[in-house]
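Novice: This is a predicted model, with the sequence first.
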Amino acid sequence: MLPLLSNPTLLNRELALLKFNERVLAMAENRSTPLLERLRYLCIVSSNLDEFFEIRIASLKEQQRQNPEQVGTDGYTPGEAFERVQAAAHELVERQNSLLTHDVLPKLRIEGIALLDPPEWSEELRAWAQAGFFRDVMPMLTPIGLDPAHPFPRVLNKSLNFIVALHGQDAFGRSASIAIVQAPRALPRVIKVPTEISGIPHGYILLTALISAFVSELFPGLEIKGCFQWRVTRNSDLFVDEEEITNLRLALQGELSQRNFGAAVRLEIDHVMPGDLAVFLQKEFHLKAPDTYRVSGPVNLSRLMQLCNVIERPELLFSDYRPRIPPPFDTALDKPEEIFVAIAQKDRLLHHPYQSFQPVLNFLTAAALDPSVVAIKQTIYRTGEDSELMRLLVAAAKAGKEVTVVVELMARFDEQTNINWAAKLEEVGAHVSYGVVGHKTHAKMLLVLRRESGSIRRYGHLGTGNYHPRTARLYTDFGLLTADQKICEDMDKVFSLLTGLGARRPLKLLLQSPFTLHETMLALIRNEAVNAKAGKKARVMAKMNSLLEPSIIDALYKASQAGVKIDLVVRGACALRAGVEGLSDNIRVRSVIGQFLEHSRVFYFYSDGAEHVYLSSADWMDRNFFRRVEIAFPILDKVLKRRVINESFTYALRDNQLAWRALPNGSYTKVKGRGKPFNLHDHLMETLG
């Protein structure tokens, strides 16, 4: 692997993302991780790499084409960055393949869970597989023998395909050489074998094995010299011309149909595929050897996630954690108005997944049922295809409430789901807006307007994560239920700006991108530097998914040089160099990787004892500050503020089981478990659950 080089101040974004995936892979390599969870982490890395190539590698290739000599903020030209990133990606994939084939799969087999390959099939199993192939698979396949009348087929992004080397002549006297077989997406990739046939409790056959075993049935009379799986990954970033469109939903639907056929960026092939066939595929997709990845397992490893979800072996999984519904929501609230009374009493903080997402659903249910509620306003970024929350919004609209929903149609890879929900909402009379073209609406807000004593009172929910009940069980996020009128009035102003037109009105407590969030974060960091120079205590702590924005990083460097103590808990990509003498001596960067996905964004500034704490939907990235509508909201209640500080920073900085420490060159080292073991996730499950 090429040495990790960069300029003195910033690290490469793509290399930082691959470092994050190395830390995820380390969870699969860790022998103390339950076995099926080790497989799950392998699948997560595979899924992450898919998106990495679809978006980040695609972007690098485009930069190479448009500005090959331009040096980036990391000190690399696009070509130099691409070379290093491909080398790091190959190394990561080799680790992944080796772990799967030499460690995880053999250990699963010992536990009675096996992927059964054709050479080990018994006569009974082969007969069963062949019958299934003839009945369910073969009718779906359309083999294409390549010749002047049969050009190379159009191949979908990330679809499973086979290249078949043939010899002989067919019924028309044509010489056979190469054929392509495409596996329709309707076919299952992992097939359960009955226990009485497999002889083990959990035996499975991959579709790749099934097709390879009986591919000769597709080419009668011809000699099969080899059958090899492959798939191609394509550029999946969408482009919508903001100046030309009149209806974003219609424009996006047209663009989505072409996503599967963008420019090829990666070729994955069977590790035993002959070199001539690999070169043939490379030429077809205008790719080169560095773009080609040989894999020893399935070309789409993430398909094995099915095993983690369907096999009932609790001892091979993390313990089943059921989050508690915190008070006062844990007691029966027989009347809808009781939930509003509870929120009006004081702000209520939720920390998912340690605490249940159910109070948010109950809040929306109460709003839909309460006759005193006159309007509901909500932003939607990701919510899932089967969403109770969205059904509640539909029910509220049917009940005659004024329902306004800002649906972000450009939420990457959730575009079609959001289009479908937008249509359903419009059908029942809800007011549906798509936000601001060119600025994704990433803010998480739910506002309820209720008539009380002849006037309107507002109740709100703000969060750091999506309104997605499934991911709320997997991602760590904060949510605040509040009746604070300044916060709720600010929310209303933001909704008005998203759905209407006009100049922005000043907000009292909320910070908003692309207007005030960036400048306020800079001002708060710089204020800590001023205090440090004056000999006062100065402290910055921040937790987020990614830290990439150069001016924020520069401000943190200057604050460090002024003597500010800075702790950053950054789960994923971090372009800041920590612990560089004379540059960032006072900055520590940690990454926590464990049972749950760290997702909350929390910003803390000591501020001469005032201790400002903000929760936010925004990472410290260019896009979040300048090309998205984001919200940061303060925690005003002293008790809740202390909770946020402890649950976000105190415990994360104490963790010696899940935490990694960033080194100046962008590498990470596991925090050694000195003293009593402390696991952040276990501690919060115990104390909040």
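Specialist: Right, received. Where do you want to start? No experiment lies behind these values; they were computed from the predicted model shown.

Novice: just the helices in the stretch 51-200 of the chain please.
Specialist: Per DSSP state H, counting those that start in this stretch, the stretch 51-200 of the chain carries helices over the ranges 58-66, 78-99, 105-110, 123-132, 195-198.

Novice: and of the ones you listed, who's closest to L207?
Specialist: Judged by Cβ to Cβ, the one of the helices of the stretch 51-200 of the chain that comes nearest to L207 is helix 123-132, at 10.5 Å. Glycine gets a C-beta too; all of them are placed from N, C-alpha and C.

Novice: Out of the helices of the stretch 51-200 of the chain, which is closest to L277?
Specialist: By Cβ to Cβ (comparing all of those), the closest turns out to be helix 78-99, at 19.3 Å.

Novice: which secondary structure elements does that closest one contact?
Specialist: Packing partners of helix 78-99 (3 or more Cβ pairs under 8 Å, 6 or more residues apart in numbering; DSSP states H and E): helix 13-29, helix 35-51, helix 58-66, strand 292-295.

Novice: Could you rerun that using 6 Å?
Specialist: Counting contacts by 3 or more Cβ pairs under 6 Å, 6 or more residues apart in numbering; DSSP states H and E, helix 78-99 packs against helix 13-29, helix 58-66.

Novice: Average pLDDT for the longest one, rounded please.
Specialist: The predicted model gives helix 13-29 an average pLDDT of 97.

Novice: now do the shortest one
Specialist: If you average the pLDDT over helix 58-66, you get 89.

Novice: Name the residues of that helix that come out as buried.
Specialist: A58, S59, L60, K61, Q63 (16 or more other Cβ atoms under 10 Å).

Novice: Spatially nearest residue to the third one, not counting backbone neighbours?
Specialist: Just to be clear, that refers to L60. F82 (5.0 Å; Cβ to Cβ, 6 or more residues apart in numbering).

Novice: same check, this time on L304
Specialist: C43 (5.6 Å).

Novice: wait, the one you found sits on L307?
Specialist: No: assessed by Cβ atoms under 6 Å, C43 is found out of contact with L307, at 8.9 Å.

Novice: between the helices of the stretch 51-200 of the chain, which one is nearest to M273?
Specialist: Nearest of the helices of the stretch 51-200 of the chain (Cβ to Cβ): helix 78-99, 14.1 Å.

Novice: What are the contacting residues of that closest one?
Specialist: For helix 78-99, contacts defined as Cβ atoms under 6 Å, 6 or more residues apart in numbering pick out 1-2, 12, 14-15, 18, 45, 60, 63-64, 290, 293, 295-296.

Novice: quick one: which two of those residues are the most distant?
Specialist: Q63 and S296 (31.7 Å).

Novice: so what's the residue of the chain most remote from its centre scoring on pLDDT?
Specialist: Counting by Cα atoms, centre = their mean, the extreme residue of the chain relative to its mean C-alpha position is G173, 51.9 Å from that point. If you check G173, the pLDDT there is 71.

Novice: now S6
Specialist: 41.

Novice: from now on call the first residue 28
Specialist: Fine by me, first position is 28 from now on; the one you just mentioned is S33.

Novice: Tell me the buried residues within the contacts of helix 105-126.
Specialist: Buried among those (16+ other Cβ under 10 Å): N39, E41, L42, L45, V72, L87, Q90, Y320, V322.

Novice: Compile those residues into CSV and extend it with columns for distance to V591.
Specialist: CSV is the format used below for these (distance: Cβ to Cβ, whole Å):
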residue, distance to V591
N39, 26
E41, 29
L42, 27
L45, 30
V72, 35
L87, 34
Q90, 34
Y320, 43
V322, 46
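
Novice: Closest to S573 out of these?
Specialist: Within these, proximity to S573 (Cβ to Cβ) peaks at E41, which comes in at 12.1 Å.

Novice: How many residues are close by the residue lying closest to that closest one once chain neighbours are set aside?
Specialist: Nearest in space to E41, with sequence neighbours left out and distances taken as Cβ to Cβ, 6+ apart, is V112 at 4.5 Å. Neighbour count of V112, defined by other Cβ atoms under 10 Å: 23.

Novice: Return the backbone torsion pair for the closest residue to R330 other than its chain neighbours.
Specialist: Using Cβ to Cβ, 6+ apart and skipping the chain neighbours, the partner closest in space to R330 is R216 (4.2 Å). Phi and psi for R216, reported as degrees, to the nearest 10, are phi -90, psi -20.

Novice: Could you do F676 as well?
Specialist: Dihedral angles for F676 - degrees, to the nearest 10 - are phi -120, psi -50.

Novice: next one: the one 5 residues further on
Specialist: The phi and psi values for R681, taken as degrees, to the nearest 10, are phi -90, psi -20.

Novice: Look up how far N188 lies from it.
Specialist: Plainly put, R681 is 49 Å away from N188 if you go by Cβ to Cβ, to the nearest Å.

Novice: Is G702 in a helix, a strand, or coil?
Specialist: With DSSP: H, G, I helix; E, B strand; the rest coil as the basis, G702 sits in coil.

Novice: check which helix or strand covers the closest residue in space to it that isn't next to it in sequence.
Specialist: Leaving aside its sequence neighbours, G702 sits nearest to N683 (Cβ to Cβ, 6+ apart; 7.1 Å). Using DSSP states H and E, N683 falls within no helix or strand.

Novice: Pass me the low-pLDDT residue ranges in the stretch 78-227 of the chain, would you?
Specialist: 175-176 (pLDDT under 70).

Novice: quick one on the thing from earlier: now tabulate the contacts of helix 105-126 in TSV and tack on distance to A369.
Specialist: Listed next are those as TSV, based on distance: Cβ to Cβ, whole Å:
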residue	distance to A369
M28	56
L29	58
N39	48
E41	47
L42	48
L45	46
V72	42
L87	50
Q90	52
Q91	56
P317	58
Y320	54
V322	53
S323	55
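
Novice: what's the closest of these to M548?
Specialist: N39 (23.1 Å).

Novice: I'd guessed the closest one sits against T100; true?
Specialist: No: the criterion here is Cβ under 6 Å, and N39 misses it with T100 at 9.0 Å.

Novice: any common contacting residues for those two?
Specialist: With Cβ under 6 Å, 6+ apart applied, the contact sets of N39 and T100 do not overlap.

Novice: In its sheet, which strands sit next to the longest strand anywhere in the chain, and in what direction?
Specialist: Assignment by DSSP state E gives strand 250-261 as the longest strand of the chain. Here strand 250-261 is paired, per DSSP bridges, with strand 188-194 (antiparallel), strand 291-297 (antiparallel).
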